[in-house]
Every structure is written in structure tokens, then in C-alpha cells.
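[1] How does the following fold in three dimensions:
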Amino acid sequence: MNYVSTRNNKNELHFKDVFIKGLADDGGLFVPKNVKSLNSEDLDKLRNLSYNDLACEILNLFCSDFINKKDLKTIITKSYSTFREKEVVKISNLGSIKLLELYHGPTLAFKDIAMQFIGNLYDYYLSKNNDFLNVIVATSGDTGAAAIDAIKGKNNMNIFVLHPNNKISKVQRKLMTTGNEKNVFNIAIDGNFDDCQNLVKAMFSDLEFSKSIKMTGVNSINWARIIAQAVYYFYTCFKLNSSKPISFSVPTGNFGDVFAGYLAKKMGLPIDKLIVATNQNDILHRAISKGEYRSKKVEQTISPSMDIQLASNFERLIYYINNSNSEITAEIMKKIKENVYQIDKINLESIQKDFVSGSCNENETLDIIKKYYEKNNVILDPHTAVGVGVANKLSLNDCVVLSTAHPCKFPDATENAIKKYENLPKELEHVLNKDENFEVLKNDIEVVKNFVKSKI
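    Model prediction:
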């Protein structure tokens, strides 16, 4: 399978280039030149597979020119061997809707599912190529911990994680900053997540800098993240075996997780609607419901992983709804940078064939946590609560909510809602009392680049 940039689809690349580069030199995101379409017979062959075997079949469609199937299966098995659920994810009932629990990995968030795979895929590449890489990643809370757990202690790799200072939960931060591995560097940026993300993109765009340090990224802009996350949409549809297409409500900040569902649907999986569920940082809800893709000031909320105003992966959707026209996509991205983009009527109607959206404010999110604890004796993390709340507002049948994080990561939110919080699993309790190690840096590209260079 060949890949192109959303901003220049004339140059074709292989999976290795896409995986290692992360972001295209022109600032665009990588997408397949052609998405593999599965017919009903193809889907039937996948229907009864275990999660690991299903992951092997789906991922092999995208990276067979990089890794043989036997080695791919070994990597997948290793990646998910530490998960608390044998089948990696778990489907549970929540009254009229179902929860897809994605937080059974080592750092208690859905990011582990892709990140463990990516960490071991890097190992595979480096062992074959005798190379060295520096991973630089921005996090709104969960990506950083998942990336560190996947990469810490590995040979021939460093990881630098940028998080917004004092704008993620204490547990989220401690899961990142309490390790002692020499290849891990945590950076707290005086700003919000969008500032962290812009710094990473600026480093990628500085080709002299990024190539000199052999920079790569594991944010959701990395195509390997998207394909690894698409697997659990297939798994859920097959397990539920519904006679009708299923809708998925996805708590969404950077649009990566819900785009993985869109990819699965483009491949032929019978998905009805993809529900984009946002908190009061609702740029994606405004875009999908009204066509208004203009950022406002980021508000700090109890669901910090969604405190984002510019969703990077939305660029991939823009590319597809414009008939894979990279020139139009590049022009639109200029408008987005200038904060003047309005989605036209034809494109908006195209988006709304697959997507619907909604948002929940702080009080609504707390009320949802309280309601479902009293009704179902289950504690929802605030991001999952947003997904549940938006699903209820839209009243779609056969709906699955992606439960993206363990509630123990957000004790302040659950304490506020129900005067109770979940404890961390025993194997992670030690982080609460350990010293932290991170640097606080200004939101300044030169300051960050100099710090990175000083540690390599």
C-alpha cells in the first residue's frame, strides 16, 4: 500500500517512511493513496477471530511492505500481553447503550492500544536498521504516559513529552513524570495543549532540525496510531453481531480516535453514525453541526484530554471530503491557520452523512457521572461521561460509547460528582508517592529545541 500527504499527493511513500516520519515534510498528514475495501465475504472471514488475530489481519493490510505477517503477529502478541483483559478491550452494558472499555492497558487509557504496538514496531525497525530515533510528542494528558510506557528503557530511542503545565490531572501527570529511565524527558510548557502541539509541528517543519536529530512522532497524526485504533471498531461490530449498523459515540479532542472509526467505515465496516462528543471546547461540534471551524480560547475543564481547539486529524477528513484533492486541502489548512475557515454546504452535507456531534458542559458532565453511578453503580471518567451524555442527547439506537480512560485518573471530577473516587490498580499505586521529574519551559520554539538538543 502506498501513502501520500494530504497537502501533496504527487509523491508516494511506503509504510516505513510514513511510520518513521510521522508528519510529512510539507506539514500534511499521511493517508493511503487507496483505502482497501472489504466486501461481506472478507468481513465474514474476520468475524470470529480473537482480538490479536483480528489486529494482525487488519494491520497487515496497511504495513505488509514493512513487516512480514509472522513478525507482525509476534509484535501484536507482545504488545497486548500486559493488558488486564485477555481480549484487550471489554464490552459492558450501561442500560440502553453499551460501553467499549478501552482502558485496560498499562497506563489506563485507550492510547495504550496503539502505543504499545508502536513502541514494539519501533524496536523492530531499529533492530533491522541499526538506527537511532528521537520521539517528540505533545500530550493533553493520556498520550504522554502511554508513549513513555511503550518506549521507556528501549535501546536507540529517546522520548520527549510536552504537556501543558498545570492543565492535566495530577494522576495523568504522575504516570508520566515518576519514572527513572534515562531515555525519557518530560517538559511542562507554559501554555495549553494546542501550544504543545504547535511546538511539535514547528519542530517537524524545521527540516534541518528534525532531520539532524532523527525526529519522529507518536501523536495521533502518526498513521500507525490510526490503524491500530481502527481494530477495536471491527472487533466491537463483530462481537455485537447486530443486524443493523452500529453507531459509536467517541469522546473527541484531536479527532484521531473517531477518524479511526471513519477509516473502518470506509473499509466496509457497517457503521451507522460516528458521534463526535466534545466538552465545552466544542470546535468539532460547531464544525460538524454548523460548518464553523474557528478556534476560540481553550477552557480548562474536568475532561482535560479534550481541552483542544485545533484537532489535527480533521485535516484527513478535509482531504477525503474534497475528493482527495491535496491542493484544495492545503488551501483550506491555510484558512484554518488564519482562523477563517467555514465549511461549505456541499462538504458539510458530505460530513453529516457519516458524522453527528454534540457537547456537554461541566455541570452536565458531573450530572452524568452522578446519574450513572446511582442508576448502574458504575463510575465513569469525565471523558466517557461526555460520550454518554452526547449519545443520550442524540437518542440513536444501537449505540456504543468508547470508554477512553479509567476513572481513577480523574479523582477530582468523580469526588466532585459523587463524593467518591476509584483507586489506581495496585500495580500503579506507587506513582502517587514517588518524586516527579520534569522541566518547566516557556512556550518558545527555540527554548524547546535547545533543551532537546542538550539532552541528545
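[2] Go ahead and confirm residue 435 touches residue 178.
    Yes: Residue 435 sits in contact with residue 178 when judged by Cβ atoms under 8 Å, with a separation of 7.0 Å. Quick note: C-beta positions are derived from backbone N, CA and C, even for glycine.
[3] Can you verify my assumption that residue 415 contacts residue 421?
    Yes: counting by Cβ under 8 Å, residue 415 touches residue 421, with 5.1 Å between them.
[4] quick one, which of those two is more surrounded?
    A count of neighbours by other Cβ atoms under 10 Å puts residue 421 above the other of residue 415 and residue 421, at 19 against 11.
[5] residues in contact with the nearest residue to residue 220 once chain neighbours are set aside?
    Using Cβ to Cβ, 6 or more residues apart in numbering and skipping the chain neighbours, the partner closest in space to residue 220 is residue 256 (2.8 Å). If a contact means Cβ atoms under 8 Å, 6 or more residues apart in numbering, then residue 256 has 219, 220, 221, 225, 226, 229, 312, 313 as its contacts.
[6] For the nearest residue to residue 23 once chain neighbours are set aside, give me its contacts.
    Computed as Cβ to Cβ, 6+ apart, the closest residue to residue 23 that is not its neighbour in sequence is residue 204, at 4.3 Å. Shown in contact with residue 204 (Cβ under 8 Å, 6+ apart): 22, 23, 27, 210, 215, 217.
[7] How about residue 230?
    Contacts of residue 230 by Cβ under 8 Å, 6+ apart are 58, 260, 261, 263, 264, 267.
[8] repeat for residue 194
    295, 298, 308, 309, 310.
[9] Is it in a helix, a strand, or coil?
    The local conformation at residue 194, judged by DSSP: H, G, I helix; E, B strand; the rest coil, is helix.
[10] switch to numbering from 696
    Sure, I'll start counting at 696 from here, so that last one is residue 889.
[11] Distance check, it against residue 765.
    42 Å (Cβ to Cβ, to the nearest Å).
[12] follow-up on the earlier one: let's see which of the contacts of residue 925 end up in helices.
    Counting by DSSP state H, those place 753, 955, 956, 958, 959 in helices.
[13] what's the closest of those to residue 828?
    residue 955 (23.8 Å; Cβ to Cβ).
[14] Now do the closest one: how many residues are near it, please.
    The number of residues near residue 955, taken as other Cβ under 10 Å, comes to 26.
[15] That one is in contact with residue 919, isn't it?
    No: Residue 955 is beyond contact range of residue 919, at 11.2 Å (criterion: Cβ under 8 Å).
[16] between these two, what contacts are shared?
    Residues touching both residue 955 and residue 919 by Cβ under 8 Å, 6+ apart: none at all.
[17] Compute the first-to-last residue distance for stretch 1127-1141.
    Stretch 1127-1141 has an end-to-end distance of 33 Å (criterion: Cα to Cα, to the nearest Å).
[18] And the average pLDDT for it is what?
    Averaging pLDDT along stretch 1127-1141 gives 96.
[19] go on, stretch 870-885?
    96.
[20] In that stretch, which residues are buried?
    870, 871, 872, 873, 874, 878, 879, 880, 881, 882, 883, 884 (16 or more other Cβ atoms under 10 Å).
[21] Hmm, the last one is touching residue 893, no?
    In other words, residue 884. No: using Cβ under 8 Å, residue 884 is not in contact with residue 893, being 9.9 Å away.
[22] can you pull the contacts of residue 938?
    Applying Cβ under 8 Å, 6+ apart, no residues contact residue 938.
[23] again, only this time at 10 Å
    Contacts for residue 938 were tallied using Cβ atoms under 10 Å, 6 or more residues apart in numbering; they are 965, 1093.
[24] With the one 10 residues further on instead?
    Contact partners of residue 948, counting by Cβ under 10 Å, 6+ apart, are 835-838, 888, 915, 973-974, 976, 978-979, 998-1004, 1006-1008, 1078, 1099.
[25] Report the two of the contacts of residue 925 separated the most.
    Using Cβ to Cβ, the contacts of residue 925 span at most 13.1 Å, a distance reached by 753 and 956.
[26] Spit out the residues that contact those two alike.
    Residues touching both residue 753 and residue 956 (Cβ under 10 Å, 6+ apart) are 925, 927, 928.
[27] List the contacts of the second one.
    With Cβ under 10 Å, 6+ apart as the criterion, the residues that contact residue 927 are 746, 749-750, 753, 783-784, 786, 795, 797, 805, 808-809, 934, 943, 952, 955-956, 959, 1095, 1097.
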